[in-house]
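Undergrad: Turn this into a model:
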Amino acid sequence: MSEPPTKRSHTDHQAAQLAAYKGTPLELKCVNTIRALSADMVQKANSGHPGAPMGCAPMAHLLWSAASSGGAGRNHSAKSPGWWNRDRFVLSNGHACALQYVMLNLSGYEDCSMDQLKSFRQVGSTTPGHPENFMTKGIEVCTGPLGQGISNAVGMAIAAKHLGANYNTPDFPSVISSTTYVICGDGCLQEGITGEASSLAGHLGLGNLIVLYDDNNITIDGATDISFTEDVKMRYEAYGWQVLVVEDVANGLDALRAAIEEAKKTTDKPTLIKTRTAIGFGSPNKAGKASSHGAPLGPAEIEAVKSNLYGCDPEKSFFVDDDVAAYYKEQSEEGDKARVAWEADFAKYKVAHPDKATELTRRFNNELAADVFDDLPTFVYGKDKANATRKFSEACINAVARKTPELMGGSADLTGSNCTNIVGAGDFQKATPEGRMVRFGVREHAMAAICNGMFAHGGVRPFCATFLQFAGYALGAMRCSALSNFGVIYIMTHDSIGLGEDGPTHQPVEMLESLRAMPNMNVCRAADANEMAACYQIALNCANTPTVICCTRGTVKPLEHSTREKAMKGGYIVLPEEGEGAPDLVLVATGSEVGPCVEAAKALQSDHSIRTRVVSMPCQDIYVAQSQEYQRSVLPGNVPTLSVEASSEHGWHRFSHAQIGMTRFGMSGPADQLFEKFGFGVENVASKGKQLVEFYKNLDGNVPDLNARPIFVNFTGPAH
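TA: Residues are numbered from 1 along each chain as shown. Got it, this is the predicted structure:
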């Protein structure tokens, strides 16, 4: 390890940097303060990523500087972080979050006090290891999984365009007029999701999206030339973006300043500013190297960094000089002035356009219209026609869409198959941003991430759709929905082997259990029209929980005793047993398997005098949230119980003693033949139900009580 530099060398290095810098001494000192604070945070935590913040500091400085000070003039407010018309900022390379926390600290955001910077990456701090929107005011979305953030930003830009088109007026043209800014790195641009989202952004001409690309030529494994040699500029120009190139931000910010101004003037296409930076800038031994990416620099190296950087004191940590603090305070005040001016305009807007203002307020508050569920269809047994649940879903989405103009989204090129067209809604396109049907194209992963961004923006309740099997493509972004508390609605059709001839490549087997295993994710699988109406009511009511609505391709059998009200409990008795006392057998099923279970139960009663109850469980998550008393009234636990679902058996063991499920991949063929072959026909369900009853009779009727087990709470201390 090299010896710490002498005080004379401190002075010489800092003087040399200042002499080479084309800008004011205060500007350079501000940028260097960002670098030093970021390095201090990672060093104190003994964990994190110092290199990117040190390289990106010049970009951050301009993004948090007012136009009057030569900055980007990004409107935001520490006093009101949720201001509707703020210019959003997304740090897509979320591992560089020390940078964002430093900027929030300098701008006066309460969740990023100096004490919180010193608690970086510690349990319970508001400065976690990657940005988390639910932990830190000023953070828009959870980033860290690379590519998610820039894709979220596309959604934010779509939402802003759409809301502006519908609520701005000639006399108030800027009620919703925000710009979304992004910093991303090489890793983000390598992720496939980024290509999907960027392609759509170019097609839509999102001129309110500006991305600053941290082009530092380094990834974890080393220089990017070992794996990433494409021409990013040509790629993004092919997507339909404006691409500007800035070769140097180390020695002055005029070129970047000019590029940002050009981007702001360009309103017909998104802009990528390809900015050459040096990872770990200022580190004598690690600048420009992968070694500065994901580990603390070390005390001696940090001292050397501060010796190199003008305005820094090698003997001080977590230090912000008075002139730097005053500068950023002034920038924050400019943002507050913009907010106050907007609030004054909105007060006038409320007088001039009261209906629009009321509606916009309702939408940003995530409040539903009072009568939103009034038009949901009710299936009348013996009168209404049997159909596929995807068709019932189509009826439901159109019923609620008339009362929820905030419902906006579309399908991954499967609108007709997913049955997600909203009649009369119009397409959201470059020339028609007022439309609310988004044509996502065959881009499942980006589709889900874009919906996350739309929800994060506010004022929009996004939905998206594809086949359930292709949720696998979207799973990374769906997980972010759940983590972020974003109530995105996922409509997933063709939900089992029942899709038939397309075969096992398209037939989901494991997907339901994969989604059910995810915290804060409601997974609904309706058995008929009434249950589908309940699924939509659950989904819209759960603004902080995403919902997956799974739908059949084929027709399901009508259910005589289903109701929306009962299905709202997640599980209910759809066919009660005959006679008095506890049933002899319980069949519990979802979706297309409920109808055959009803027929099997009737056969068991008539042919074998086995008094059989059928339980439909459209949503396990909602069911287990009910009282223990209610759950035991539906599933006694000590009565032989057989689950029936054309999906993985895993997860059903807590509800049933035996399972009829999928233990292998499906096959190509007509749906009715596949259901029989895999054991979901009436005859096999009845046979296995009878065998289950006989099995426990042979054990002297000793049926394990599935409800007789303790429930442990293992998490300790306060949660976020």
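
Undergrad: wouldn't Ala456 be in contact with Asn152 here?
TA: Yes: with contact defined as Cβ atoms under 8 Å, Ala456 reaches Asn152; the gap is 6.3 Å. All C-beta spots, glycine's among them, are computed from the backbone N, C-alpha and C.

Undergrad: Quick check: neighbours shared by these two?
TA: 140-141 (Cβ atoms under 8 Å, 6 or more residues apart in numbering).

Undergrad: more crowded one of these two?
TA: Under the criterion of other Cβ atoms under 10 Å, the comparison of Ala456 against Asn152 puts Asn152 first, with 35 against 23.

Undergrad: Does that one lie in a helix or a strand, and which?
TA: helix 148-167 (DSSP states H and E).

Undergrad: helices or strands up against the biggest helix by length in the chain?
TA: Taking DSSP state H as the criterion, the chain has its longest helix at helix 322-352. If contacts are counted by 3 or more Cβ pairs under 8 Å, 6 or more residues apart in numbering; DSSP states H and E, helix 322-352 sits against helix 25-45, helix 97-106, helix 354-364.

Undergrad: among those, which is nearest Ala671?
TA: Of all those, it is helix 354-364 that lies closest to Ala671, at 40.4 Å by Cβ to Cβ.

Undergrad: so how far is the closest one off the chain centroid?
TA: Counting by Cα atoms, centre = their mean, to the nearest Å, helix 354-364 is centred 25 Å from the centre of its parent chain.

Undergrad: go on, stretch 442-462?
TA: That offset, for stretch 442-462, works out to 7 Å (Cα atoms, centre = their mean).

Undergrad: Average pLDDT for that stretch, rounded please.
TA: Average pLDDT, stretch 442-462: 98.

Undergrad: Enumerate the positions of that stretch that are buried.
TA: Neighbour counts over stretch 442-462 (16 or more other Cβ atoms under 10 Å) mark 443-462 as buried.

Undergrad: Show me the strands in the stretch 101-250 of the chain, by range?
TA: Using DSSP state E, counting those that start in this stretch, the strands of the stretch 101-250 of the chain run over 180-185, 209-215, 218-219, 222-223, 242-246.

Undergrad: cool, the stretch 251-400 of the chain as well?
TA: According to DSSP E, counting those that start in this stretch, the strands that the stretch 251-400 of the chain contains are 271-276.

Undergrad: Next, the buried residues of stretch 310-325.
TA: Neighbour-count burial for stretch 310-325 [16+ other Cβ under 10 Å]: 310-312, 314, 317, 320-321, 324.

Undergrad: Off-centre distance for the helix-or-strand element of the chain with minimal mean pLDDT?
TA: Least confident helix or strand of the chain, by mean pLDDT, DSSP states H and E, is helix 7-20 with a mean of 86. Offset of helix 7-20 from its chain centre (Cα atoms, centre = their mean): 46 Å.

Undergrad: again with stretch 669-682
TA: On the basis of Cα atoms, centre = their mean, stretch 669-682 sits 36 Å off its chain's mean C-alpha point.

Undergrad: Ok, stretch 118-130 next?
TA: From the chain centre to the centre of stretch 118-130 is a distance of 21 Å (Cα atoms, centre = their mean).

Undergrad: got the contact list for it?
TA: Outside stretch 118-130, the residues that touch it by Cβ under 8 Å, 6+ apart are 41-42, 44-45, 47-48, 94-95, 97-98, 101, 111-112, 116-117, 135-136, 142-144, 318, 717-718, 720.

Undergrad: and if we set it to 6 Å?
TA: Residues from elsewhere that reach stretch 118-130, judged by Cβ atoms under 6 Å, 6 or more residues apart in numbering: 41, 44-45, 47, 94, 97, 101, 111, 116, 135-136, 144.

Undergrad: swap in stretch 594-604?
TA: Counting by Cβ under 6 Å, 6+ apart, residues outside stretch 594-604 touching it are 527, 556-557, 575, 587, 589, 610, 612, 614, 616, 644, 682, 685-686, 689.

Undergrad: among those residues, which two are most distant?
TA: Val556 and Ile610 (24.3 Å).

Undergrad: Who has more neighbours out of those two?
TA: Applying other Cβ under 10 Å to Val556 and Ile610 shows that Val556 carries more neighbours, namely 26 against 21.

Undergrad: Now do the same contact list for the more buried one.
TA: 389, 592, 595.

Undergrad: one more time with 7 Å
TA: 386, 388-389, 527-528, 592, 595 (Cβ atoms under 7 Å, 6 or more residues apart in numbering).

Undergrad: so can I have a markdown table of the strands of the stretch 101-250 of the chain showing distance to Gly498 and mean pLDDT?
TA: Formatted as a markdown table, the strands of the stretch 101-250 of the chain follow (distance: least, Cβ to Cβ, whole Å; pLDDT from 0 to 100):
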| stretch | distance to Gly498 | mean pLDDT |
| --- | --- | --- |
| strand 180-185 | 41 | 98 |
| strand 209-215 | 41 | 98 |
| strand 218-219 | 44 | 92 |
| strand 222-223 | 49 | 94 |
| strand 242-246 | 47 | 98 |
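
Undergrad: Pro296 is in contact with Asn46, correct?
TA: Yes: between Asn46 and Pro296 there is a contact under Cβ atoms under 7 Å: 5.8 Å.

Undergrad: Between the two, point out the one with more neighbours.
TA: Per other Cβ under 10 Å, whichever of Asn46 and Pro296 has more neighbours is Pro296, with 20 against 10.

Undergrad: Now that one: closest residue in space that isn't a chain neighbour?
TA: Gln43 (4.6 Å; Cβ to Cβ, 6 or more residues apart in numbering).

Undergrad: mind checking how far the one you found is from Arg121?
TA: Going from Gln43 to Arg121 by Cβ to Cβ, to the nearest Å gives 11 Å.

Undergrad: about what we covered before: and the least confident helix or strand of the chain, what does it pack onto?
TA: helix 299-308 (3 or more Cβ pairs under 7 Å, 6 or more residues apart in numbering; DSSP states H and E).

Undergrad: Next, the contact list for the residue nearest the centre of the chain, please.
TA: Geometric centre of the chain, nearest residue: Ser481, 3.0 Å, by Cα atoms, centre = their mean. Going by Cβ under 7 Å, 6+ apart, Ser481 touches 448, 452, 488, 546.

Undergrad: between those, which is nearest Thr271?
TA: Minimum distance to Thr271 across the contacts of Ser481 is 22.1 Å, recorded for Asn452 (Cβ to Cβ).

Undergrad: On the C-terminal side of the strand or helix carrying that closest one, identify the next helix or strand.
TA: Assigned by DSSP H and E, Asn452 belongs to helix 444-457. Counting by DSSP H and E, the next helix or strand C-terminal to helix 444-457 is strand 461-467.

Undergrad: what helices or strands is that next one leaning on?
TA: Here strand 461-467 touches strand 407-411, helix 444-457, strand 489-493, going by 3+ Cβ pairs under 7 Å, 6+ apart.

Undergrad: What strands line up against it, and which way round?
TA: Strand 461-467 pairs in its sheet with strand 407-411 (parallel), strand 489-493 (parallel), by DSSP bridges.

Undergrad: Of all those strands, which one is nearest Asp221?
TA: Of these, nearest to Asp221 by Cβ to Cβ is strand 489-493, at 34.3 Å.

Undergrad: quick check: angle from that closest one to helix 444-457?
TA: 150 degrees (axes from the mean of the first three to the mean of the last three Cα atoms, to 10 degrees).

Undergrad: ok so, going back, pLDDT-wise, what's the bottom of the contacts of stretch 594-604?
TA: Lys557 (93).

Undergrad: Tell me how many other residues surround Met662.
TA: Neighbour count for Met662, taken as other Cβ under 10 Å: 24.

Undergrad: can I assume it is in contact with Trp652?
TA: No: with contact defined as Cβ under 7 Å, Met662 does not reach Trp652; the gap is 11.2 Å.

Undergrad: gap between the residue nearest to the centre of the chain and Ser687?
TA: Between Ser481 and Ser687 the computed distance is 41 Å (Cβ to Cβ).
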